[in-house]
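Here is the input, now give the coordinates:
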Amino acid sequence: MADAPADVKKLSFERAIEELETIVKRLEDGKVPLEESVAIYERGEALKRRCEDLLRQAEARVDKITTDASGQATGTEPLDVQ
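Prediction:
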């Protein structure tokens, strides 16, 4: 029996993108039964949202890096997560 899929909200970016790529390949292959295609497509959408959320969080963290007049990083500011 196969392992149950991991909770999308707990996946790292790398794991989520890896699983998403696998789903895309399976769907492109066209050999997946219709009902399974719908189910893995739905999971793919959830994985895509997870990746987008993680990228937004990373971008927000990068945006908080402070620089001096010459563009050199001088520290970070607290990230407001609200």
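
any weak-confidence spans in this protein?
1-4, 66-69, 73, 75-82 (pLDDT under 70).

in it, which helix has the most residues?
helix 34-63 (DSSP state H).

any idea which helix or strand carries residue 20?
According to DSSP states H and E, residue 20 maps onto helix 13-29.

Output that helix as CSV, restricted to C-alpha atoms.
This file holds the C-alpha atoms of helix 13-29, laid out as CSV (Å, rounded to 0.1, in the frame of the first residue of the first chain):
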residue,chain,number,x,y,z
PHE,A,13,9.4,24.5,-1.4
GLU,A,14,11.7,21.9,-2.9
ARG,A,15,9.5,18.9,-2.0
ALA,A,16,6.3,20.7,-3.2
ILE,A,17,7.9,21.7,-6.6
GLU,A,18,9.3,18.1,-7.0
GLU,A,19,5.8,16.6,-6.5
LEU,A,20,4.2,19.2,-8.7
GLU,A,21,6.7,18.3,-11.5
THR,A,22,5.8,14.6,-11.1
ILE,A,23,2.1,15.4,-11.4
VAL,A,24,2.6,17.5,-14.5
LYS,A,25,4.6,14.7,-16.2
ARG,A,26,1.9,12.2,-15.3
LEU,A,27,-0.9,14.4,-16.7
GLU,A,28,1.1,15.2,-19.9
ASP,A,29,1.7,11.5,-20.4
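
gap between it and the chain center?
The chain centroid and the centroid of helix 13-29 are separated by 11 Å under C-alpha atoms, centre = their mean, to the nearest Å.

List the contacts of it.
Contact partners of helix 13-29, identified using C-beta atoms under 8 Å, 6 or more residues apart in numbering, comprise 6, 8, 11, 32, 37, 40-41, 43-44, 47-48, 50-51, 54-55, 58. (Each C-beta comes from the backbone N, C-alpha and C, glycine too.)
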